[in-house]
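In: Provided below for reference: sequence and predicted model.
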Amino acid sequence: MTEMTKRDFNPLGYTHKETIADGVTGDYIVVPPLGDGTRVSCTVIAGAGTGKIQFTTSPDSEVIAGTATWQDWPEGNSTGTTSDTLIGPVTALRGVSVSGEIKIEIVV
């Protein structure tokens with residue numbers, strides 16, 4: 001489990017940055033409770049690899065137990081640098097390297 005870090009310039013916001021090795025599914029990142037209309041911006045920086053973001057709306061207890069249902073973000077498998085915004089509430093996120101090392105960035 002990884003918790004997001006409070007943003008320096010926005011005391012109500014959070015951020016997370018992570019490098020994920022080839023073929024690895026990253027640990028889940030807890031998304032703190034958000035106000036109405038708050039969006040979660042996600043970026044995959046895949047370089048020569050391919051990666052994606054997955055999200056879940058499963059209850060916290062299922063995320064912790066490892067039984068959550070994970071969904072791929074709307075962009076699917078991404079190459080290069082790809083960003084998207086999730087407009088609904090989510091419980092947690094995680095990055096997935098389909099191939100090669102990737103980086104993910106998440107901002108709330």
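Out: Great, that's in hand. Numbers count the residues shown, from 1 in each chain.
In: check contacts around Gly51.
Out: With contact taken as CB atoms under 8 Å, 6 or more residues apart in numbering, Gly51 is in contact with Ile20, Val44, Asn77, Ser78, Gly95, Val96, Ser97, Val98, Gly100, Ile102, Ile104. Quick note: C-beta positions are derived from backbone N, CA and C, even for glycine.
In: ok, of those, which come out buried?
Out: Listed as buried from the contacts of Gly51 are Ile20, Val44, Ser78, Gly95, Val96, Ser97, Val98, Gly100, Ile102, Ile104; burial here means 16 or more other CB atoms under 10 Å.
In: what helices or strands is the strand or helix carrying the second one leaning on?
Out: Assigned by DSSP states H and E, Val44 belongs to strand 40-45. For strand 40-45, the elements it packs on are strand 50-56, strand 81-86, strand 92-99, strand 102-107, judged by 3 or more CB pairs under 8 Å, 6 or more residues apart in numbering; DSSP states H and E.
In: go ahead and flag the most central residue of the chain.
Out: Geometric centre of the chain, nearest residue: Leu93, 3.7 Å, by CA atoms, centre = their mean.
In: show me the contacts for it.
Out: Residues near Leu93 by CB under 8 Å, 6+ apart: Tyr28, Ile29, Val31, Val40, Cys42, Ile53, Gln54, Phe55, Thr56, Ile106.
In: separation between it and Lys52?
Out: 11 Å (CB to CB, to the nearest Å).
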